[in-house]
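Engineer: task: produce atomic coordinates for the following.
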Amino acid sequence: MDSVYESRNRLFIALCHSTLWIDVYKTRVNADGSADPDWFILIKGRKDSGRQISYHLPMRMWSRCEHATEIASASSVYDGHTTDVVHNRLELMYG
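Structural biologist: Coordinates of the predicted model:
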């Protein structure tokens with residue numbers, strides 16, 4: 001399973017880079033104020049876009065996301081999406 005997550009993480013970072021989205025954010029703090037020192041959140045899309053996608057990524061990948069704007073907490077941009085919503089959005093956006 002580790003290789004599956006590694007692939008997903010790298011693909012998401014590549015997606016955020018390749019589409020040249022201005023609205024890409026990274027934060028160490030979840031929307032509920034909690035944080036895990038081993039993980040951060042990479043968020044693609046604006047809160048009001050209805051197209052936002054985010055994943056928790058391991059901290060070792062933080063520097064690969066230099067294109068993302070660092071924010072204090074996910075609460076400032078997170079639109080409340082769930083995993084199922086992300087899957088639907090990916091399907092609609094990328095087929």
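
Engineer: contacting residues for the nearest residue to residue 33 once chain neighbours are set aside?
Structural biologist: Nearest non-adjacent residue to residue 33, counting by C-beta to C-beta, 6 or more residues apart in numbering: residue 73, 6.9 Å away. For every residue, glycine as well, the C-beta is placed using N, CA and C. Contacts of residue 73 were listed using C-beta atoms under 8 Å, 6 or more residues apart in numbering, and they are 27, 29-31, 33.

Engineer: what subset of the residues you listed is buried?
Structural biologist: 27, 29-31 (16 or more other C-beta atoms under 10 Å).

Engineer: can you tell me which of those are in strands?
Structural biologist: Residues of these located in strands (DSSP state E): residue 27.

Engineer: got the buried ones among the contacts of residue 73 as CSV, with pLDDT and distance to residue 88 columns?
Structural biologist: Converted to CSV, those look like this (pLDDT from 0 to 100; distance: C-beta to C-beta, whole Å):
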residue, pLDDT, distance to residue 88
27, 98, 24
29, 98, 26
30, 96, 22
31, 94, 20
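
Engineer: from the buried ones among the contacts of residue 73, which is closest to residue 13?
Structural biologist: The shortest approach to residue 13 among the buried ones among the contacts of residue 73 belongs to residue 27, at 15.1 Å (C-beta to C-beta).

Engineer: hang on, the earlier thing: tell me which of the buried ones among the contacts of residue 73 is nearest to residue 44?
Structural biologist: When the buried ones among the contacts of residue 73 are compared against residue 44 (criterion: C-beta to C-beta), the nearest one is residue 27, at 12.9 Å.

Engineer: what is the end-to-end distance of stretch 58-77?
Structural biologist: 20 Å (C-alpha to C-alpha, to the nearest Å).

Engineer: what residues of that stretch count as buried?
Structural biologist: 61-62, 64-65, 68, 71, 73-74, 77.
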